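Provided below for reference: sequence and predicted model.
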Amino acid sequence: MSSDARFDVAVIGLGYIGLPTAAIIAASGYRVLGIDTNPHVVETVGSGHVHIEEVDLDGLVRGVVGRGMLSTSLTVAEADYFLIAVPTPFGDNHTPDISYLLDAVRSLAPVLKYGDTVIIESTSPVGTTEKVRDLLEQLRPDIAFPHQDQPNADVAICYCPERVLPGRILIELSKNDRCIGGITPGCAARAQVFYKRFVKGDCVITSARAAEMVKLVENSFRDVNIAFANELSIVCDTLKLDVWEVIRLANRHPRVQVLQPGPGVGGHCIAVDPWFIVHADPDNTPLIRIAREVNDGKVGYVVDRVAAMLEQSPGARVACLGLAFKANIDDLRESPAVKVAEQLVARFGDLVDVVEPYVNALPPELADSDAQLVDLSIALDRCEVVVLLVDHDAFRMIDVAKRQGKRIYDTRGIW
């Protein structure tokens with residue numbers, strides 16, 4: 001990054017959402033600075049390469065970097081729009097942790113100027129946008145920040161969550177509707193102008209608090225519905241029924257659409273966001289909490305079923321197929337497949353083989369264990385038990401003959 005460079009947009013956080021977003025914005029004609037605390041990420045993206053797996057992202061990044069529309073840095077520089085896309089995990093007792101977000105706010109505060117717009121895209125508890133405003137007021141008392149009773153401000157602050165599906169991020173960043181929440185209507189209007197530059201879907205204005213809740217509701221709704229499918233799969237096992245057939249036939253009803261069960265729920269959104277609502281109002285969220293517990297508990301159920309299969313064949317090897325939280329991506333965040341593999345390794349040690357075509361090394365949870373990351377062909381040759389945890393296309397295409405004579409537990413219903 002040259003010292004005299006001027007940027008339209010600064011995107012803080014170059015992860016699974018920040019990097020595709022920065023590239024899409026740059027492709028629309030804005031000059032973008034991507035900021036990350038990881039030197040490897042900054043160097044990789046700055047050289048026109050990518051550090052994450054996402055359809056068509058490599059070509060897009062290579063193009064915008066080559067044209068000088070996307071640069072990278074470890075530090076924030078002046079810009080007209082600041083977009084924050086950093087992780088917001090939960091800590092002990094599922095308490096929301098917005099420390100990364102607040103650190104990002106501290107990093108941009110020194111370069112904030114009159115007329116700028118700060119936009120939070122990180123999934124956040126209700127009230128976070130106002131906390132960001134309050135922090136900035138402490139750090140920059142020379143600037144007027146927005147309040148409901150003081151609409152005239154020097155800087156606009158908004159919340160606008162992404163709603164994308166891994167594997168389709170570039171498509172959905174452009175085509176999906178966006179919910180733009182401002183601390184004041186004027187803040188939202190300024191952000192709306194920004195998003196309309198590169199979003200083809202509707203850009204709907206609301207309050208910051210409503211937009212924060214909308215994001216949490218979307219993922220909690222999906223979590224509750226997945227919990228029904230996961231609980232149904234356990235009941236069908238008990239009753240010796242094929243859950244996949246039951247769901248397929250039930251979904252022939254014109255007003256029924258049961259989702260597909262699996263080994264649990266993963267990803268940074270669905271497995272995390274519902275806890276933000278529960279934390280905000282624990283007395284009135286029994287359904288959301290129980291859904292989370294059902295989905296988290298499915299991991300233990302899968303482990304117990306696999307353990308029972310192995311105990312019937314002492315010394316047998318088991319192949320865990322997949323570690324990602326969904327098909328055909330390299331994202332392992334909160335993945336139930338990782339948790340299943342971790343617990344099986346703890347019980348059966350070096351008898352466990354792991355196959356994950358989208359990674360080159362085991363994640364930290366398994367790195368120091370007896371598990372072995374092997375090619376699919378090796379696992380199928382030497383393992384008597386096969387546990388399908390992720391419905392990658394590579395696993396869908398396994399020939400029936402390769403599965404003959406093996407004990408199989410298909411948690412995704414693809415076989």
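Happy to help now that I have it. Residues are numbered from 1 along each chain as shown.

alpha carbons only for contacts and neighbour counts from here, please
OK.

Show me how far stretch 348-368 is from its chain's centre.
Distance, stretch centre to chain centre, for stretch 348-368: 21 Å (C-alpha atoms, centre = their mean, to the nearest Å).

now stretch 361-379
So, by C-alpha atoms, centre = their mean, the centroid of stretch 361-379 is 23 Å from its chain's centroid.

buried residues in that stretch?
Applying a neighbour-count criterion of 16 or more other C-alpha atoms under 10 Å, one finds L362, L366, D370, A371, Q372, L373, V374, L376, A379 buried in stretch 361-379.

Just the ones in helices from these, please.
Taking DSSP state H, the ones among these that sit in helices are L366, L376, A379.

Of those residues, which is the nearest to S174?
L376 (35.7 Å; C-alpha to C-alpha).

Quick check: the gap between V400 and H392.
16 Å (C-alpha to C-alpha, to the nearest Å).

more neighbours, those two?
H392 (21 against 8; other C-alpha atoms under 10 Å).

nearest spatial neighbour of that one, skipping sequence neighbours?
A327 (4.5 Å; C-alpha to C-alpha, 6 or more residues apart in numbering).

distance of that neighbour from V390?
Applying C-alpha to C-alpha, the value for A327 to V390 is 6 Å.

Neighbours of the closest residue to V199 other than its chain neighbours, how many?
Nearest residue to V199, sequence neighbours excluded (C-alpha to C-alpha, 6+ apart): S174, at 4.5 Å. S174 has 20 neighbours, counted by other C-alpha under 10 Å.

what about the helix or strand containing A22, average pLDDT?
Using DSSP states H and E, A22 sits in helix 18-27. The pLDDT scores in helix 18-27 average 98.

so where's this structure shaky on pLDDT?
Low-confidence segments of the chain (pLDDT under 70): 1-5.

Let me see the domain layout of it.
9-217, 258-410 (automatic domain parsing).

how much distance is there from the first one to the middle of the chain?
Meaning domain 9-217. 15 Å.

try stretch 222-242
Worked out by C-alpha atoms, centre = their mean, stretch 222-242 lies 24 Å from the chain centre.

buried set for it?
Buried positions in stretch 222-242, judged by neighbour count with 16+ other C-alpha under 10 Å: D223, V224, N225, I226, A227, F228, A229, N230, E231, L232, S233, I234.

which other residues reach it?
243, 258-265, 270-271, 274, 287-288, 291-292, 294-295, 298 (C-alpha atoms under 8 Å, 6 or more residues apart in numbering).

Tell me which of these fall in helices.
V243, P274, L287, I288, A291, R292, V294, N295, K298.

quick one on the thing from earlier: ok, A327 and V390, which is more surrounded?
With neighbours defined as other C-alpha under 10 Å, A327 and V390 compare such that V390 has more, 28 against 19.

which SS class is that one?
Counting by DSSP: H, G, I helix; E, B strand; the rest coil, the backbone at V390 sits in coil.

A211 now?
helix.

Show the contacting residues for it.
Counted by C-alpha under 8 Å, 6+ apart, A211 has contacts Y159, C160, P161, C179, I180, G181.

Can you flag the buried ones in the contacts of stretch 222-242?
243, 258-265, 270-271, 274, 288, 291-292, 294-295, 298.

residues near the closest residue to T95 other than its chain neighbours, how many?
Of all residues not flanking T95 in the chain, H279 sits nearest, at 6.5 Å (C-alpha to C-alpha, 6+ apart). By the criterion of other C-alpha under 10 Å, H279 has 16 neighbours.

distance of H279 from V302?
Distance from H279 to V302, by C-alpha to C-alpha: 28 Å.

so what's A188 up against?
A156, I157, C158, I180, G181, G182, I205, T206, S207.

which of those residues has the most neighbours?
So for the contacts of A188 (other C-alpha under 10 Å), the most neighbours sit at C158, 33 neighbours.

Kindly confirm my reading that that one is in a strand.
Yes. The assignment for C158 by three-state DSSP puts it in a strand.

Is it in contact with P185, as I believe?
No. The pair C158 / P185 is not scored as a contact, 9.7 Å apart, by C-alpha atoms under 8 Å.

related to what we said a few turns ago, tabulate the domains of the chain in TSV, adding columns for distance to N251.
Putting these into TSV (distance: least, C-alpha to C-alpha, whole Å) gives the following:
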stretch	distance to N251
domain 9-217	23
domain 258-410	6
